[in-house]
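Peer 1: Dropping the sequence and predicted coords here.
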Amino acid sequence: MKDRLGRLLAERQEIEGRLRQLDQVPTKGPSPDALVDAILEGLSDARHLFEHGTMEERKRVIRAFIENLVVDGISGTGELRTKRIPDAQSIGDSFKVVAGTGFEPVTFGL
């Protein structure tokens, strides 16, 4: 019984130590304004950043801006819809993003 109580006491002390460490970590993240400023600053030099990315990173960036892609293999045509990116002035204080789905089947391997 003493061994079990000793192990439980050691475990409790370890957990309390972890909790003290977590209490020291700041819980408040960066402000939304700072995040928007950082994103817009990065977009201002997007061409330079894009040129230095790997092929997989470039694909991920392009996919982030593609809303829908439909390819007609028979006619050799396609339709590409891109997402509209609002400028900083039109965003205002806040905005809402709602995920949606299309009617066309999912296209893989953009």
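Peer 2: Good, I have the coordinates.
Peer 1: what about the strands in the protein?
Peer 2: Counting by DSSP state E, residue ranges of the strands within the chain are 66-72, 77-82.
Peer 1: Between strand 66-72 and the last one, find me the angle.
Peer 2: Here strand 77-82 points in a direction 180 degrees away from that of strand 66-72 (axes from the mean of the first three to the mean of the last three C-alpha atoms, to 10 degrees).
Peer 1: Quick one: mean pLDDT for strand 77-82?
Peer 2: For strand 77-82, the mean per-residue pLDDT is 87.
Peer 1: Now do it: everything it contacts.
Peer 2: Residues external to strand 77-82 that are found in contact with it (C-beta atoms under 8 Å, 6 or more residues apart in numbering): 65-72. Using the backbone N, CA and C atoms, a C-beta is placed for each residue, glycine as well.
Peer 1: Would you point out which residue is most central in this protein?
Peer 2: With distances taken as C-alpha atoms, centre = their mean, Ala64 lies nearest the centre of the chain, 9.8 Å away.
Peer 1: how far away is that one from Pro26?
Peer 2: Separation of Ala64 from Pro26 (C-beta to C-beta, to the nearest Å) stands at 29 Å.
Peer 1: and what of Thr77?
Peer 2: Thr77 is 54 Å from Pro26, by C-beta to C-beta.
Peer 1: Please say which of the two ends up with more neighbours.
Peer 2: Just comparing Thr77 and Pro26: by other C-beta atoms under 10 Å the higher neighbour count belongs to Thr77, 9 against 5.
Peer 1: so what's Arg58 closest to, chain neighbours aside?
Peer 2: Counting by C-beta to C-beta, 6 or more residues apart in numbering, the nearest residue to Arg58 once its immediate chain neighbours are dropped is Phe50, at 6.2 Å.
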